[in-house]
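Asks: Quick one: sequence plus predicted model below, questions after.
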Amino acid sequence: MHCLQRNKRKVESKMDEQIFGSAVHDAVIRAVTEISADVKKLMKEALERETNETARSILSSMLENVEIAKAADKGVCQSPGYPTTWISFGEGNFPAHAAEVIGEAVGEATRKGYLRPSIVDPLTRVNPGDNTGKGVPNIEYQFHPGQKYVDFIISFKGCGAELGNAMKIMTTATLGLDKDFQGLKRFVLETALNAGGKPCPPFGIGIGIGGQMDIASKLSREAISTRNWTDTNEDPLLARLETELKDAINSLGLGAAGTGGDTVCLAVKINTAATHTAIAPVAINFHCWVARRAGIRIYDDGRVEKLL
């Protein structure tokens, strides 16, 4: 019993609650009034190379909207999206009151008009009016022994993008393992084509492969919500697949807002986990261009560093 109590005290919290709370509140406001710098860079590059005049006009308007929202301190999109947070921590710095702090920050942002109240009960559709509720904000915790800081990333992923998402329990045969993953590539391309303009393109796509259905879905959301969209996957195979899939999706010619053009996909990010030999679950998760994400790193000595 004494050992358990000592371990609990060690894991629970040396994190300064005031520093954590202030940093989280600032990150929430930044997330909903801007789009992350990596996605903004990709949007500007897409505009520069776009040859379709309609798509150029749409991309230009999107980027102008970003600047207006930031200057006016307003929400960058009328939809609040769905808030999910990833928190990684080490020994002795677990932010014990994270759920309360994040819920308060989202509620405050809603009351101040940065977010439209859109979170409801899934069946009764009752709206509490503050973008919180059972399981919302969603929080994913990750423990890393020896980590001397807390990483906090929050993503308000648009729910129009959810309308294009897809999930399939594939097998070695349907994945196309012996044919350079042709089955996987076909599934991703068909999903992008069927989604059309619903995910508010240009979009990013997160792909989760492995585990079971629940794990693949979480992997896909984490991939597109927490990774820098300009990075290169450390796994050479996944890096190749990400590039090939992005180029193939753009070759469909769907363009900005799905009206035609050169760029409909800004990034493809893949996360994997080990799975059972009988299955190969694949989840495809769209993220609209309004990448409302913010990330911070809070060191044990109180320093705060921007991640996203």
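Replies: Arrived safely, thanks for sending.
Asks: For the spatially closest residue to G133 that is not a sequence neighbour, which residues are in contact?
Replies: Leaving aside its chain neighbours, G133 sits nearest to I119 (5.2 Å; criterion: CB to CB, 6 or more residues apart in numbering). All C-beta atoms are positioned from the backbone trio N, CA, C, and that covers glycine. I119 makes contact with P80, Y82, N127, P128, D130, N131, T132, G133, V136, according to CB atoms under 8 Å, 6 or more residues apart in numbering.
Asks: and the first one, that's in a helix?
Replies: No. Checked against DSSP: H, G, I helix; E, B strand; the rest coil, P80 lies outside a helix; its state is coil.
Asks: Dihedrals phi and psi, it?
Replies: When read as degrees, to the nearest 10, the backbone of P80 gives phi -80, psi -10.
Asks: contacting residues for it?
Replies: Listed by CB under 8 Å, 6+ apart, the contact set of P80 reads V32, T110, L115, R116, P117, S118, I119, N131, F156.
Asks: Show me what the last one is bridged to.
Replies: Pointing back at F156 there. Applying DSSP bridges to F156 gives these bridge partners: P83.
Asks: dump the residue contacts of it.
Replies: A31, V32, P80, G81, Y82, P83, L115, R292, R293.
Asks: Go again with 10 Å.
Replies: For F156, the contacting residues are 28, 31-32, 75-77, 79-84, 106, 109, 115, 131, 137, 225, 290-294, by CB atoms under 10 Å, 6 or more residues apart in numbering.
Asks: do the fourth one as well
Replies: Residues in contact with R116, defined by CB under 10 Å, 6+ apart, are G75, C77, Q78, S79, P80, G81, T110, N131.
Asks: Not counting residues beside it along the chain, what's closest to the residue positioned nearest the centre of the chain?
Replies: Nearest to the geometric centre of the chain sits S225, at 1.7 Å (CA atoms, centre = their mean). Leaving aside its chain neighbours, S225 sits nearest to S155 (3.9 Å; criterion: CB to CB, 6+ apart).
Asks: Am I right that that neighbour is in contact with V39?
Replies: No. The criterion here is CB atoms under 10 Å, and S155 misses it with V39 at 11.5 Å.
Asks: Mind listing the shared neighbours of the two?
Replies: Common contacts of S155 and V39, defined by CB under 10 Å, 6+ apart, comprise H287, A291, R292, R293, L308.
Asks: Count the neighbours of the closest residue to the last one other than its chain neighbours for me.
Replies: Pointing back at L308 there. Nearest residue to L308 in three dimensions, chain neighbours excluded: G295, at 3.5 Å (CB to CB, 6+ apart). When neighbours are defined as other CB atoms under 10 Å, G295 has 21 of them.
Asks: before we move on, what SS does G295 have?
Replies: Relying on three-state DSSP, one would call G295 strand.
Asks: and it, how far is that from A283?
Replies: Separation of G295 from A283 (CB to CB, to the nearest Å): 22 Å.
Asks: where does N7 land on pLDDT?
Replies: Looking at N7, its pLDDT reads 42.
Asks: for K14, same thing?
Replies: If you check K14, the pLDDT there is 60.
Asks: What of the one 10 residues further on?
Replies: The confidence metric pLDDT takes the value 96 at V24.
Asks: care to break the chain down by domain?
Replies: 2-34+76-158+291-306, 161-287 (automatic domain parsing).
Asks: Centre of the chain to the longest strand along the chain, how far?
Replies: Across the chain, the longest stretch assigned as strand under DSSP state E is strand 265-275. For strand 265-275, the separation from the chain centroid amounts to 12 Å (computed by CA atoms, centre = their mean, to the nearest Å).
Asks: What ranges does the stretch 51-200 of the chain have for its helices?
Replies: 53-72, 98-111, 172-175, 182-195 (DSSP state H, counting those that start in this stretch).
Asks: pLDDT below threshold where in the stretch 1-150 of the chain?
Replies: Within the stretch 1-150 of the chain, the segments meeting pLDDT under 70 span 1-14.
Asks: show me where it has strands.
Replies: For the stretch 1-150 of the chain, the strands defined by DSSP state E, counting those that start in this stretch cover 82-89, 138-143, 149-157.
Asks: closest to Q212 out of these?
Replies: Checking the strands of the stretch 1-150 of the chain against Q212 by CB to CB gives strand 138-143 as the closest, at 16.7 Å.
Asks: Please point out which parts of stretch 215-232 sit buried.
Replies: Residues of stretch 215-232 classed as buried: 215-229 (neighbour count, 16 or more other CB atoms under 10 Å).
Asks: To clarify, my last question referred to stretch 32-51.
Replies: In stretch 32-51, counting by 16+ other CB under 10 Å, buried: 32-36, 38-40, 42-43, 46-47, 50.
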